[in-house]
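# Predicted coordinates and the sequence they were generated for:
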Amino acid sequence: MAAPDLSYLSALALREVQEHQRVLESFHSCIPVITGIGQAIIEALEADHKIIFFGNGGSAADAQHLAAELSIRYRLNRVALPGLALSTDTSVLTACGNDFGFETIYSRQVEALARKGDVVIGITTSGNSPNVLLGLQKAREQGCVTVAFTGGTGGQVIGLADYCLTIPSAVTARTQECHILAGHILCEMIDAHWQAL
């Protein structure tokens with residue numbers, strides 16, 4: 001049996017890197033909103049509020065990743081900070097999905113856990129994920145600071161967020177790559193603030 005021709009893989013990899021670089025060049029325009037989100041998070045943490053994250057699929061993984069950076073550490077061995085991902089409790093997710101519908105898995109948890117002054121960050125590459133939209137809507141009703149990480153044209157989530165980070169790409173992979181970059185920048189801002197105290 002002849003080996004498959006995989007000569008195209010190098011060109012494919014180069015194309016992906018070049019596309020990432022093009023999006024990253026436009027990402028500079030996101031710095032003001034990232035800065036605003038960073039200030040809101042630092043103000044909330046200083047006032048003993050929580051930072052709550054949620055999303056679906058890869059965005060759920062990003063939510064979990066960023067919550068861990070706050071509660072454990074990013075670069076500095078600083079005080080543990082209250083970061084919480086709502087995508088990690090399988091009992092809650094399955095009970096809520098079964099009893100009330102999958103679109104309520106985040107709004108129900110926000111109702112239970114979020115308090116006025118907390119920062120609630122919904123991550124949705126399309127901007128149209130029903131459970132993320134309902135989660136941010138509930139957060140807004142409860143007096144939280146609402147943040148959306150999205151992409152493309154932003155989708156419906158734009159109307160629900162005090163701060164909306166819209167990555168200038170309609171490609172899910174590129175949007176997710178920039179979401180985690182933005183998240184790491186926010187972690188760097190938080191570390192820099194706590195180091196200065």
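Happy to help now that I have it. Numbering: from 1, shown residues only.
# Would you map the strands across this structure?
Counting by DSSP state E, residue ranges of the strands within the chain are 51-55, 83-85, 119-123, 145-151, 163-167.
# which one of these lies closest to residue 187?
Comparing these by their distance to residue 187 (CB to CB), the top pick is strand 83-85, with 9.6 Å. Backbone N, C-alpha and C define where each C-beta goes, glycine included.
# Which residues does stretch 153-171 contact?
The set of residues external to stretch 153-171 that reach it, using CB atoms under 8 Å, 6 or more residues apart in numbering, is 19, 23, 26-27, 29-30, 33-34, 36-37, 40, 122, 124-129, 132-133, 136-137, 140, 145-152, 174-175, 178-179, 182.
# Go again with 7 Å.
Stretch 153-171 is contacted from outside by 23, 26, 29-30, 33-34, 36-37, 40, 122, 124, 126-128, 132-133, 136-137, 140, 145-152, 175, 178-179, 182, using CB atoms under 7 Å, 6 or more residues apart in numbering.
# That stretch spans what distance, first to last residue?
Start-to-end span of stretch 153-171 (CA to CA, to the nearest Å) is 11 Å.
# Kindly provide the whole-number mean pLDDT of it.
With pLDDT averaged residue by residue, stretch 153-171 scores 96.
# So for it, what gets flagged as buried?
154-157, 160-169, 171 (16 or more other CB atoms under 10 Å).
# cool, stretch 167-184 as well?
Applying a neighbour-count criterion of 16+ other CB under 10 Å, one finds 167-169, 171, 174-180, 182-183 buried in stretch 167-184.
# ditto for stretch 107-121
Within stretch 107-121, the residues that count as buried by 16+ other CB under 10 Å are 107, 108, 109, 110, 114, 118, 119, 120, 121.
# Looking at those, which is nearest residue 190?
The shortest gap between residue 190 and any of the buried residues of stretch 107-121 belongs to residue 119, at 11.4 Å (CB to CB).
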